[in-house]
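Q: sharing a model prediction with you, sequence too.
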Amino acid sequence: GKEHAISVPDGLYKVVLSLRQGKEKAIGFYVVHQSGKQEMKHTATSVDEIEILTGINFFVNVPDKLEDKIEATYSLKLWK
């Protein structure tokens, strides 16, 4: 774009949910727009944190008690 300005976001996010009975889990990722590599362990965060950043309420169809629990914490080890 020499003729048109192109907006570049500050970063990108992703949220993931697994509802396997008895092993429900969720995780969020936020990757800052910058050059170079970013390790997954530095981009992983709770879904609650992604909700704060985006203003979006994810997983609204999950019962509130379960939603509150799985959105508040995260662990990369649970996803391997």
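A: Alright, I've got the coordinates.
Q: distance of Q34 from P9?
A: According to Cβ to Cβ, to the nearest Å, Q34 and P9 sit 12 Å apart. Quick note: C-beta positions are derived from backbone N, CA and C, even for glycine.
Q: tell me how many other residues crowd G22.
A: When neighbours are defined as other Cβ atoms under 10 Å, G22 has 4 of them.
Q: measure it to K65 for me?
A: 15 Å.
Q: any buried residues in the one helix or strand in the chain whose mean pLDDT sits lowest, and which?
A: Within the chain, no helix or strand scores below helix 40-43, which has a mean of 94 by mean pLDDT, DSSP states H and E. Residues of helix 40-43 classed as buried: T43 (neighbour count, 16 or more other Cβ atoms under 10 Å).
Q: please apply the same query to stretch 63-80.
A: Result for stretch 63-80 [16+ other Cβ under 10 Å]: buried residues 67, 70-71, 74.
Q: host element of the residue positioned nearest the centre of the chain?
A: For the chain, the residue sitting closest to the mean C-alpha position, by Cα atoms, centre = their mean, is G28 at 2.2 Å. Assessed by DSSP states H and E, G28 sits inside strand 25-32.
Q: ok, residues contacting that strand?
A: 10-18, 38, 40, 43-47, 49-50, 53, 59, 70-71, 74-76, 78-79 (Cβ atoms under 8 Å, 6 or more residues apart in numbering).
Q: that strand pairs with which strands?
A: Here strand 25-32 has these sheet partners by DSSP bridges: strand 11-18 (antiparallel), strand 44-45 (antiparallel).
Q: distance from the shortest one to the middle of the chain?
A: So that's strand 44-45. Between the centre of strand 44-45 and the centre of its chain there are 6 Å (Cα atoms, centre = their mean, to the nearest Å).
Q: just the mean pLDDT for that strand, thanks.
A: With pLDDT averaged residue by residue, strand 44-45 scores 98.
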